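[1] Need a 3D model of the sequence below.
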Amino acid sequence: MIDKTVRSLEAAVADVFDGATVMISGFGGAGQPAELIDALIAQGAKDLTIVNNNAGNGEVGLAALLKARRVRRIICSFPRQVDSQVFDGLYRAGEIELELVPQGNLAERIRAAGAGIGAFFTPTGYGTQLAEGKETRVIDGRPYVLEYPIHADFALIKALKGDRWGNLVYRKTARNFGPIMASAAKCAIAQVAEVVPLGALDPETVVTPGIFVQRVVPVVAAPGARAAA
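    You can find the predicted model right below:
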């Protein structure tokens, strides 16, 4: 019987190793798997490469992982906003590496990894510092930059509901990077607000098929918290 349900957050992240590349879903706070991140902090893995749209907000979630000095390198599209003081301090002190990737390129590089695409040409970034050292080509009179997929050892994602096979549905914009990150990682770990029986999810609403998910862990929201925000 296939059952990908894991009973605890600690067990879900127990094998994340030092130096691993970890994708973390979320657009700011929306869809960020905060409880899985807290479990990863407690687990102790270090020298991580993190792939995320942002570089943390305030001092919780991803920012807390950075503050704990567990991240060696981050790949993201928007590292600095008004409350990204943790990343800003680490970067200015030379304590963290940054690979800045335009948001569309970031999404496509992750998607390409899951789709088995070896590389792709994009016009975004051509003629800027982001294209330095990269192969370029003119196609139909337009210049392009060659970009490569981003693969990961683990993906930590947040969904609204899942079943024991790993099929997932999301809550509105909390969906963001979750589906493509699940497909791009060797081991996708999904925290869900509810694990439902097989057949309870309408197949037409399943966004991430279970084939891309290795672990599902139920997380009970704190009283008053919005489910899968």
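[2] Give the other helices and strands that the host helix or strand of residue 113 contacts.
    Residue 113 belongs to helix 103-115 when assigned by DSSP states H and E. Here helix 103-115 touches strand 120-122, strand 142-147, helix 178-184, going by 3 or more C-beta pairs under 8 Å, 6 or more residues apart in numbering; DSSP states H and E. C-betas here are computed from N, CA, C, even on glycine.
[3] That helix: which residues count as buried?
    For helix 103-115, a neighbour-count test (16 or more other C-beta atoms under 10 Å) marks 105, 106, 107, 108, 109, 110, 111, 112, 113, 114 as buried.
[4] Just the pLDDT for the last one.
    Model confidence at residue 114, given as pLDDT, is 97.
[5] thought it was touching residue 212?
    Yes: if you go by C-beta atoms under 8 Å, residue 114 and residue 212 touch, sitting 7.4 Å apart.
[6] shared neighbours of those two, anything?
    Residues touching both residue 114 and residue 212 (C-beta atoms under 8 Å, 6 or more residues apart in numbering) are 182, 183.
[7] the residue most distant from the middle of this protein, which is it?
    Residue farthest from the centre of the chain, counting by C-alpha atoms, centre = their mean, is residue 141 at 35.0 Å.
[8] give the contact list for residue 8.
    By C-beta under 8 Å, 6+ apart, the contact set of residue 8 is residue 217.
[9] and the closest residue to residue 194 other than its chain neighbours, backbone torsions?
    Among residues not flanking residue 194 along the chain, residue 161 sits closest, at 4.9 Å (C-beta to C-beta, 6 or more residues apart in numbering). Main-chain torsions, residue 161, degrees, to the nearest 10: phi -140, psi 150.
[10] So residue 161 sits against residue 192, correct?
    Yes: if you go by C-beta under 8 Å, residue 161 and residue 192 touch, sitting 5.7 Å apart.
[11] Look at the two and report which has more neighbours.
    Neighbour count, other C-beta atoms under 10 Å: between residue 161 and residue 192, residue 192 has more, with 25 against 22.
[12] and the more buried one, what element?
    Using DSSP H and E, residue 192 falls in strand 185-195.
[13] On the strand side of things, show who the residue nearest the centre of the chain bridges to.
    With distances taken as C-alpha atoms, centre = their mean, the residue of the chain nearest its centroid is residue 24 (2.5 Å). Per DSSP bridges, the residues bridged to residue 24 are residue 156.
[14] Could I get the buried residues of helix 103-115 in a markdown table, plus columns for distance to residue 150?
    Listed next are the buried residues of helix 103-115 as a markdown table, based on distance: C-beta to C-beta, whole Å:
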| residue | distance to residue 150 |
| --- | --- |
| 105 | 10 |
| 106 | 8 |
| 107 | 10 |
| 108 | 10 |
| 109 | 5 |
| 110 | 5 |
| 111 | 9 |
| 112 | 8 |
| 113 | 6 |
| 114 | 10 |
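[15] Quick check: the two most widely separated of these?
    Taking C-beta to C-beta as the measure, these span a maximum distance of 15.2 Å, between 105 and 114.
[16] quick one on the thing from earlier: find me the pLDDT at the residue nearest to the centre of the chain, would you?
    With respect to pLDDT, residue 24 scores 98.
[17] repeat for residue 80
    On the pLDDT scale, residue 80 is placed at 83.
[18] check contacts around it.
    Contacts for residue 80 were tallied using C-beta under 8 Å, 6+ apart; they are 55, 87, 88.
[19] Could you do residue 90 as well?
    By C-beta under 8 Å, 6+ apart, the residues touching residue 90 are 66, 96.
[20] ok, now with 10 Å
    Counting by C-beta atoms under 10 Å, 6 or more residues apart in numbering, residue 90 touches 55, 56, 66, 67, 69, 71, 74, 96, 97, 98.
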